[in-house]
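S.K.: what's the 3D shape of this:
(chains A, B, C, D, E, F, G and H)
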8 protein chains.
Amino acid sequence: MNSEEILKLLKSVERRKLSPRAATERLKHMPFEDIGFAKVDHHRALRQGYAEVVFGKGKTAEQVAEIVRAMIRHKESRQNILVTRADRKIYSAVKRVRRAAKFHPVSGMVTIERSKEITGKGTILVVSAGTSDIPIAEEALLTARMMGNRAEQLYDVGVAGIHRLLEHRGMLTEARVIICIAGMEGALPSVVGGLVAVPVIAVPTSTGYGASFGGVAALLGMLNSCASNVSVVNIDNGFGAACVATVINRL
Amino acid sequence: MNSEEILKLLKSVERRKLSPRAATERLKHMPFEDIGFAKVDHHRALRQGYAEVVFGKGKTAEQVAEIVRAMIRHKESRQNILVTRADRKIYSAVKRVRRAAKFHPVSGMVTIERSKEITGKGTILVVSAGTSDIPIAEEALLTARMMGNRAEQLYDVGVAGIHRLLEHRGMLTEARVIICIAGMEGALPSVVGGLVAVPVIAVPTSTGYGASFGGVAALLGMLNSCASNVSVVNIDNGFGAACVATVINRL
Amino acid sequence: MNSEEILKLLKSVERRKLSPRAATERLKHMPFEDIGFAKVDHHRALRQGYAEVVFGKGKTAEQVAEIVRAMIRHKESRQNILVTRADRKIYSAVKRVRRAAKFHPVSGMVTIERSKEITGKGTILVVSAGTSDIPIAEEALLTARMMGNRAEQLYDVGVAGIHRLLEHRGMLTEARVIICIAGMEGALPSVVGGLVAVPVIAVPTSTGYGASFGGVAALLGMLNSCASNVSVVNIDNGFGAACVATVINRL
Amino acid sequence: MNSEEILKLLKSVERRKLSPRAATERLKHMPFEDIGFAKVDHHRALRQGYAEVVFGKGKTAEQVAEIVRAMIRHKESRQNILVTRADRKIYSAVKRVRRAAKFHPVSGMVTIERSKEITGKGTILVVSAGTSDIPIAEEALLTARMMGNRAEQLYDVGVAGIHRLLEHRGMLTEARVIICIAGMEGALPSVVGGLVAVPVIAVPTSTGYGASFGGVAALLGMLNSCASNVSVVNIDNGFGAACVATVINRL
Amino acid sequence: MNSEEILKLLKSVERRKLSPRAATERLKHMPFEDIGFAKVDHHRALRQGYAEVVFGKGKTAEQVAEIVRAMIRHKESRQNILVTRADRKIYSAVKRVRRAAKFHPVSGMVTIERSKEITGKGTILVVSAGTSDIPIAEEALLTARMMGNRAEQLYDVGVAGIHRLLEHRGMLTEARVIICIAGMEGALPSVVGGLVAVPVIAVPTSTGYGASFGGVAALLGMLNSCASNVSVVNIDNGFGAACVATVINRL
Amino acid sequence: MNSEEILKLLKSVERRKLSPRAATERLKHMPFEDIGFAKVDHHRALRQGYAEVVFGKGKTAEQVAEIVRAMIRHKESRQNILVTRADRKIYSAVKRVRRAAKFHPVSGMVTIERSKEITGKGTILVVSAGTSDIPIAEEALLTARMMGNRAEQLYDVGVAGIHRLLEHRGMLTEARVIICIAGMEGALPSVVGGLVAVPVIAVPTSTGYGASFGGVAALLGMLNSCASNVSVVNIDNGFGAACVATVINRL
Amino acid sequence: MNSEEILKLLKSVERRKLSPRAATERLKHMPFEDIGFAKVDHHRALRQGYAEVVFGKGKTAEQVAEIVRAMIRHKESRQNILVTRADRKIYSAVKRVRRAAKFHPVSGMVTIERSKEITGKGTILVVSAGTSDIPIAEEALLTARMMGNRAEQLYDVGVAGIHRLLEHRGMLTEARVIICIAGMEGALPSVVGGLVAVPVIAVPTSTGYGASFGGVAALLGMLNSCASNVSVVNIDNGFGAACVATVINRL
Amino acid sequence: MNSEEILKLLKSVERRKLSPRAATERLKHMPFEDIGFAKVDHHRALRQGYAEVVFGKGKTAEQVAEIVRAMIRHKESRQNILVTRADRKIYSAVKRVRRAAKFHPVSGMVTIERSKEITGKGTILVVSAGTSDIPIAEEALLTARMMGNRAEQLYDVGVAGIHRLLEHRGMLTEARVIICIAGMEGALPSVVGGLVAVPVIAVPTSTGYGASFGGVAALLGMLNSCASNVSVVNIDNGFGAACVATVINRL
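M.R.: All right, here's what the predicted structure looks like:
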């Protein structure tokens, strides 16, 4: 029941076709959305406003293609389309739906760019520690770009070679939001956080072996960061970090 | 060795009192700060720029008072002073240093307000789930205010009584940054994150018993939040959440 | 805005004092509760319908007494009042508010019985394994009774002396809901579940030492129960088990 | 030795063919079942009374088919037959035993419906959070139906889009028992539990990545639920949840 | 209902005072113990046969004294009486009940020796690693002695000074059962197990700091022992180890 | 250097061919074994005395066959040969070395029986809870038999159908040592331990799903057993349990 | 900007082509490395000085070969080249780049020896407990040798057969640094540490099953070692242990 | 039995007072130490050679004083005496034994300096991250000095203010061994390890709150350090780190 329907109901009251008491009853029992609560679905709005996203893992190539087809059907929507955790098989299926689809093998993403509008106010910088963190870093970088941000990268600046990081102070201080990706001991966000005055979103990765416990060591390291401008998202969640960075960069 | 000293050294070269080769050697071996690297200490700058902070836990009342005295000695500094995890004993000691000190028993904080300047652009809203989360919520609220933000509170809106949260949609949508504090299952940030389009900083608390494991259940719940605008800080770290919110609110 | 207010608004429409369009707008923007959503607060309704509960832990005796005083002020309410995790100090404070208050030292509860109505259809049986589980068992037993159930106890029937349990088959088969409380290895619910055809709510307790890990061993044992009629609540949560048993026993 | 046999033995005593002392000895040493203890095997009775179940995982297709064949041999039994955690290979083998067998690929179940009798008093509602929880939700739904319950579904109503759940308040309030399935942060049961006054059985799922730890995050969230009518079963145990719901729905 | 009663019932049948059908019914519904199942309570028999035991922790001195008084009331029983995890207060209370009570401060035990009979066939040797393991070692030693075993001690023979252990090869090879107690890394049972051909019961202790995690490090070390004659009991469970050793030593 | 060699050396001293001082030096520096310490290698003796064992996992079929060939080369040895964690490929390779080799697919063992001598004094009973525990149970059973014990089995007697266990009281009370194998909640050893007066060696298995955590739930359950005659070996370590049972059964 | 460039700049000042003030500015803003900070990169120096290392895991054969080709291009470098966690496929690719490459299948390493210089002062001894620890032991041994150390091995000296270790006291006491590798209970470093006066670097391995938890049991054992000359590296990190041993052996 | 005694025994053989066979028997059965194995007790030698140490925690002041008195009784020994984890009460008791005893309240140590000899070859540098790590840092510093090393300190150089660490490159590069102490995320050893070419011994501390889990976060961070010259000791084990540093510094 949308505004029109409520209006219609109230007109019935006005016309005395419906008693106020009966109308009260009907209003009280109608579903939320009918009285405009779709408006509170900021979450859906959010994602639609930024990009259409499909989480590819656990879905067949056909399922993903079907979802993308439905996204494209809404002619008026011009958001970019993003498939995360995808492979070549998913890519082929999506490409059949839309020729413009691109595959990014490092991050395992498929993108369909439909808008180049930049809506983020500053630059999001993606910093990563080791070469094995790059897939997650690329996921964050691409997601940030597809969501309308200028985004740059600074890779392979782990804390055991601190001078490499310090050489790029410029990039660090020019960023408006920093996404900081590290496995192993997860120390990079603390060092980066200490060098800048902007929010740092830390992403632990599941790289490393032995007592890295699939990213738990890095996660704990980041949660215990002694830098006070660091907050953390889930292990390997480059996509989520880019979403958080996007809402910040729009402020 | 600061700029003046480098200048002096270079003038010696100019005047041929020092050979270029000898000057090279001296430049290469002098400490970092001497050539202006104190400038890179944005972290210190950050904290000084916002507020002076003492972490009270594990320090004696005398130690805290001594640190506060040193802070006040810097006449030119007008930042607010904040002692976290304090008790009445610490308060008494600080009060003897500065009569204007106030004690906030719920959050265990001592504050000395020296500036009422608002530097944050919007409102930081502190949302909390249960009554036992209030000490951490108050820590976040007070910290946010002392760091120059407008900050408001919305307490006792746990997810098992979802209508109480929905009644305050207005407050949620007016905030520029939200700090969301919950123990037990830590579900609140997911619900709040789904209702707004701004960054939500989640703080797990150590309240609850049994399998809450001192906040680990809430922490895991928040890290796994299905809302994409949520990032997380350490258990009971209301102070840290306010710091992150402050850097965001200044953007 | 409650039903009366909605009715009033609609009457204004009927009387043409308010246009249907304006009324639609006002309806869409009013807070949830105003259109009767308090009704959806089944949770509050539930607790009010059964008993008024104060979680005593972490509250001062004065705070608890104040909450109880507020509960009693609502004259029309006749539900029993329950303070969990209380001590003698809390008891004294509550007793000053209401002479009829009783203290139950084993379970650490204070009760004010205002109704003896039995609303549960059958008997809730509380079964416990060891003597150290009795405080939690008593919490469950008392809570069940205060919430309007017939409730009986069967204590000290651990699985290492299986005949003691089997001797009481009668009690087991006569119960409509069983609450089964055990620490250590948490095996009792599996054995009990295998002997009956009714729901068994398992409560792990934090008793035991060494690798019992504060109840985790029992919790895991219960979650992995090979009996298919067993579900589990949090460690030491006798109160919660009685709540679940109550909603089942009212069906 | 069943009742008839005991009767026969006692008749021998009556007819003085057996001395009381000799009969006492034989009674004391005969296996439990012989004196009617099969009656205490409510567990077996329970499953037989509801459905015959084979846990398919870890068994070969041939083994499963053999067990099903044995179940069918008992001519008088008319219960439905259920194979959980099955695949197409198992399905083919079972189909050769009984043409009526059906395969349900989403939940990985094979069913042989032999009875459509409804023995549950109300409706069991299966609520799930994300699309990846659907296999477990379907396992619960099908199991509930095969065990003689009316069962309905309400999928994809995660807490980050709370309005979708609230739109279906009707379904929630009409259910007699609710099974609530969620991975990630496991927050759904708390919200659902707060909206209804009936038992909610929570099932954590192993979906999610990073710090979801194979369902542990969801499990902890559910155990710490702040809604008091929630109890929990093991991770991914849709089958077990349906068993618990069935015993409740028969009360 | 014991054998005599069953006999009486069967005689009634013989005398035709009771019909076989009625007798069948009565037999089927009588409690287990009535037909001699008390006999299966080997556990109780076991403990009674060896020693009467009270677990002192969590009981008041009065409660312990009361239990001991009840034990002594059974005049015919001559077993030793043992209170574990006791303190001086408990000791004083027990001493008032029985003058012969002795207190063992290192292990926190109170003993009342009523029998010096040796029922174990060989010697139980208690081996411990560090000085902080001695309280648990003494608990095992005293328990073993009070349960009728010859028991000897070999303390402070940790693996970092392997020669001290090897010096006492004689004691090791003469023991029939060995209890091996260690905290820290829990390596001692592996070394001892490799030197003897008899069963070694390993007891992890909660001594140590840091990553010893209250005995978990030692527990895991012992469970993973590469010596094949080692089995493990719970952390700090010197009493339990002595019980296992006793049942072995009686074989 | 064995006894004969020491004797020879000392005779050289006696005959003055070697000075006492030189002999002292040689004695002090010779390897341990040379002065008879091979005798302390009870572990090797133990395994040789009972059976020759190869742990198959992680070895190629060729490596296993090579080890078996070396074992057979020692003509005088007549112990049985045992390969654990083997597969058909290993079996084929071993069979080529020795025609008499047998493969046991359930437990994944290869055996070469060379002796039927019974050296254990009583019967070892292997009790298991569920059908999925049978591979580990068979590993224990076969190992026990190959090490010279009479060993029997009692399978599928889980605690949720307690009467099935009680029906076999006879087998339980006749055993001299019991090995008790269970996954899921690991409750079986507690019940069995309560029914007998002999040592019970508990083996947790990694069967089960969800919060069974690969056997940790069962392991914790067993360590916390309330029966005092239970000790525990590592998860899935049926072989180890049989070794412990063998050393006990030889006493 | 290297020393030459700084020199050039300073000569410009000397020659009055550049004012001291302008030179100061340029010095302050140039990248770190330009003023000789490459010198602080001891880490890179370290690895270059000892050996060139590629971590093979997660890289394609082509990627590894490409990195090796780049290493060889630097003609002046004569360090040995080391690929860890490699397989035959990587080996083939590297061999095409450099014929002298060798594959070590046990440790999964590829080496290119370009220097036989011994720079370590003493012998590094690699001690390991079980046969399944040998791959990690070989990784440590080869790494140590490729980094210019004399290195020897002492394998299969687990603590359950302590005499085997004691037989080789000579090797232990002659080593300058000991690397001690063990899975299961990780007890070996404690015993070895107690026998020598040199640093012992302990490496836990992920071998073992059940409660070894992928090396955590061994790791905890080693961290809790009662020998005071033991420090620990990550699980399975034979390479890292050799690096630590190398820096020590160069002292 | 020492060398002299063996010599005496062999002389008896030479003089034919003892038959070679009898001598063989006596040699085979005498305790290890008698034939010189005390020599292998390098561990004891090590500690005696460096310092006499008492672990104060868990001991009464009287017990500690008694042990110190025994240490002093050995007149010839001139090593320093060290009591760790001590308090003022222990200090008073020790002072009564030896007037020269000193108390160090920050580290909780009592020292009796009897030798100022420097036996370590270089300087041990103790680096720590935060002010709350200082007690453990002081424990390491004092232990290193009492064991004959030159030792210096560099405190409060956490990674969030990286320039403070870089300012002291000189101290870092001059050290021969570095002990690096950090709580929270434990990132400091990685940064320090990357700046130097000497061994770094990392000590995690239990400071921090929330998800620092009593030092586990720091421990995992250090084990996963990406710097290859870092090894780790137990949480809060400043003493142990100094022992490891001492054996290295003597090389």
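S.K.: tell me where the stretch 51-200 of chain A has helices.
M.R.: A:61-73, A:88-97, A:134-146, A:162-166, A:169-174, A:188-195 (DSSP state H, counting those that start in this stretch).
S.K.: quick check: closest non-adjacent residue to A:Asn149.
M.R.: Spatial nearest neighbour of A:Asn149, excluding adjacent residues (CB to CB, 6 or more residues apart in numbering or on different chains): A:Gly120 at 3.5 Å. Every residue, glycine included, has its C-beta placed from N, CA and C.
S.K.: what sits against A:Tyr91?
M.R.: A:101, A:103, A:110 (CB atoms under 8 Å, 6 or more residues apart in numbering or on different chains).
S.K.: circling back: with mean pLDDT added, can I get the helices of the stretch 51-200 of chain A in CSV?
M.R.: Formatted as CSV, the helices of the stretch 51-200 of chain A follow (pLDDT from 0 to 100):
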stretch, mean pLDDT
helix A:61-73, 86
helix A:88-97, 96
helix A:134-146, 95
helix A:162-166, 84
helix A:169-174, 89
helix A:188-195, 92
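S.K.: looking at the ones you listed, which one is packed in the most?
M.R.: helix A:188-195 (a mean of 30; mean count of other CB atoms under 10 Å in any protein chain shown).
S.K.: how far does that helix sit from the chain's center?
M.R.: Put simply, helix A:188-195 sits 22 Å off its chain's centre (CA atoms, centre = their mean, to the nearest Å).
S.K.: and the next helix-or-strand element following it, anywhere near chain B?
M.R.: The C-terminal neighbour of helix A:188-195 among helices and strands, as given by DSSP states H and E, is strand A:200-204. Yes - using CB under 8 Å from any CB of the partner chain, we find that strand A:200-204 touches chain B at A:Ile201.
S.K.: strand A:200-204 pairs with which strands, and in what direction?
M.R.: strand A:177-182 (parallel), strand A:230-232 (parallel) (DSSP bridges).
S.K.: if you count neighbours, what's buried in it?
M.R.: A:200-204 (16 or more other CB atoms under 10 Å in any protein chain shown).
S.K.: got the contact list for that strand?
M.R.: A:136, A:140, A:177-183, A:186, A:189, A:192-193, A:215-216, A:218-219, A:221-222, A:225, A:227, A:229-233, A:235-238, A:240-241, A:244-245, B:231, D:210.
S.K.: which non-adjacent residue is nearest A:Thr246?
M.R.: Using CB to CB, 6+ apart, the closest residue to A:Thr246 is A:Met147 (4.5 Å).
S.K.: let's have the helices of the stretch 51-200 of chain A in TSV, adding distance to A:Arg114.
M.R.: Shown next, in TSV, are the helices of the stretch 51-200 of chain A (distance: least, CB to CB, whole Å):
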stretch	distance to A:Arg114
helix A:61-73	9
helix A:88-97	13
helix A:134-146	10
helix A:162-166	36
helix A:169-174	29
helix A:188-195	33
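S.K.: up against chain H, what does the stretch 51-200 of chain A have?
M.R.: Close to chain H, as judged by CB under 8 Å from any CB, the stretch 51-200 of chain A has residues A:129-130, A:158-162, A:166, A:183-187, A:190-191, A:193-195.
S.K.: ok, 7 Å please
M.R.: A:130, A:158-162, A:184-187, A:190-191, A:193-195 (CB under 7 Å from any CB of the partner chain).
S.K.: nearest to chain D, of these?
M.R.: A:Gly186 (12.8 Å; CB to the nearest CB).
S.K.: OK, contacts around the closest one?
M.R.: Going by CB atoms under 7 Å, 6 or more residues apart in numbering or on different chains, A:Gly186 touches A:204, A:217-219, A:221-222, H:185, H:221.
S.K.: could you rerun that using 6 Å?
M.R.: A:204, A:218, A:221-222 (CB atoms under 6 Å, 6 or more residues apart in numbering or on different chains).
S.K.: closest one of those residues to chain G?
M.R.: A:Ala218 (13.2 Å).
S.K.: got a list of what that closest one touches?
M.R.: By CB under 6 Å, 6+ apart, the neighbours of A:Ala218 are A:182-183, A:186, A:204.
S.K.: report the separation between the residue of chain A at minimum distance from chain E and H:Leu219.
M.R.: Residue nearest to chain E within chain A: A:Ala211 (10.8 Å; CB to the nearest CB). Distance of A:Ala211 to H:Leu219, computed by CB to CB, to the nearest Å: 8 Å.
S.K.: quick one: which of the two has more around it?
M.R.: Set A:Ala211 next to H:Leu219 and count neighbours by other CB atoms under 10 Å in any protein chain shown: H:Leu219 wins out with 31 against 25.
S.K.: how about that one, secondary structure?
M.R.: helix (DSSP: H, G, I helix; E, B strand; the rest coil).
S.K.: so what's the residue count around the residue in chain A that chain H sits nearest to?
M.R.: Per CB to the nearest CB, the residue of chain A with the smallest distance to chain H is A:Ala187, at 3.0 Å. A count of nearby residues for A:Ala187, using other CB under 10 Å, gives 31.
S.K.: can you pull the contacts of it?
M.R.: So A:Ala187 contacts A:159, H:187, H:190 (CB under 6 Å, 6+ apart).
S.K.: and which of those is nearest to F:Arg73?
M.R.: The closest of these to F:Arg73 turns out to be H:Ser190 (CB to CB; 52.5 Å).
S.K.: how about the nearest residue to the closest residue to chain D within the stretch 101-250 of chain A, chain neighbours excluded?
M.R.: Closest contact between the stretch 101-250 of chain A and chain D, by CB to the nearest CB, is at A:Ile235 (3.0 Å). Sequence neighbours aside, D:Gly210 is the residue nearest to A:Ile235 in space, at 3.0 Å (criterion: CB to CB, 6+ apart).
S.K.: ok, A:Ala217 next?
M.R.: The nearest residue in space to A:Ala217 (CB to CB, 6+ apart) is H:Leu220, at 3.6 Å.
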